[in-house]
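K.L.:
fold the following for me, if possible:
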Amino acid sequence: MNLNARERKIAIGVLAAVVLMLLYYFAYQPYSEARAQVLQDQEDLRAKLDHADLVFSRERRLRPVWADMQKGGLNVDPARAERQTLEALNTWARDAGFTLVTYKPERTTQDGTFQVVAISASGSGSMPQVARMLASIETAGIPVRVNDLTITPQKEGTDDLTVRFNLSALCQPPAGTPDKPNTSGNGGQSS
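P.N.:
Numbers count the residues shown, from 1 in each chain. Just a heads-up that it's a prediction; the model follows:
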């Protein structure tokens, strides 16, 4: 088969186009996709590394706080944690000038690696007294927090407030305790 110059140029052009198309589909496109995946993986790993660095720096910063909690505030016995929280509740109320009307331990439950002692309480006072009481709870040296808070005025237009709140205190379960919920009633107490 004898091709003239024009047909030869067209055949070379078509062959070059086919070779370029094959190179694109079998070399450049897979390389481009793999490179994009590598860049995405690098970005993901960098984000994970940044998160891990943040976790480690936070752990270093909170290690002394955790040691203090274990030394003085984090109990193994739920009854002791409950007693400690109730004593602290009375102290906080007295220091704030807040009138603690009732408090009642509700239940002890398992939450992950900790046991949670729930306490419901109510009392009355002015807005500054309530604020001091809540600030005392928030900055407590024992692991306690307010889960639910309801503030209502005793009489419209006055600063006499009735406050109902639910607290939870943490304690470590004894060694070997399974991670199953425990709903033991601890009785009630009012003050």
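K.L.:
for the helix or strand bottoming out on mean pLDDT in the chain, which positions count as buried?
P.N.:
For the chain, counting by mean pLDDT, DSSP states H and E, strand 99-111 ranks last in confidence among helices and strands (a mean of 87). Residues of strand 99-111 classed as buried: 100, 103-106, 108-110 (neighbour count, 16 or more other Cβ atoms under 10 Å). Using the backbone N, CA and C atoms, a C-beta is placed for each residue, glycine as well.
K.L.:
and stretch 167-174, by the same measure?
P.N.:
Quick answer for stretch 167-174 (16+ other Cβ under 10 Å): 167-173.
K.L.:
CA atoms only for that stretch, dumped as CSV, please.
P.N.:
Only the C-alpha atoms of stretch 167-174 are listed here, as CSV (Å, rounded to 0.1, in the frame of the first residue of the first chain):
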residue,chain,number,x,y,z
LEU,A,167,-26.5,18.4,90.0
SER,A,168,-24.3,15.5,89.1
ALA,A,169,-21.1,14.5,90.8
LEU,A,170,-18.6,12.0,89.3
CYS,A,171,-16.9,9.2,91.0
GLN,A,172,-14.7,6.3,89.8
PRO,A,173,-16.3,2.9,90.1
PRO,A,174,-14.5,0.3,92.1
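K.L.:
which residues does that stretch contact?
P.N.:
74-78, 80-82, 84-85, 89, 110, 113-121, 137, 142-147 (Cβ atoms under 8 Å, 6 or more residues apart in numbering).
K.L.:
circling back: tell me the strands beside the next helix or strand after the least confident helix or strand of the chain, with direction?
P.N.:
Sequence-wise, the next helix or strand downstream of strand 99-111 (DSSP states H and E) is strand 114-125. Paired strands of strand 114-125, with direction, are strand 99-111 (antiparallel), strand 161-171 (antiparallel) (DSSP bridges).
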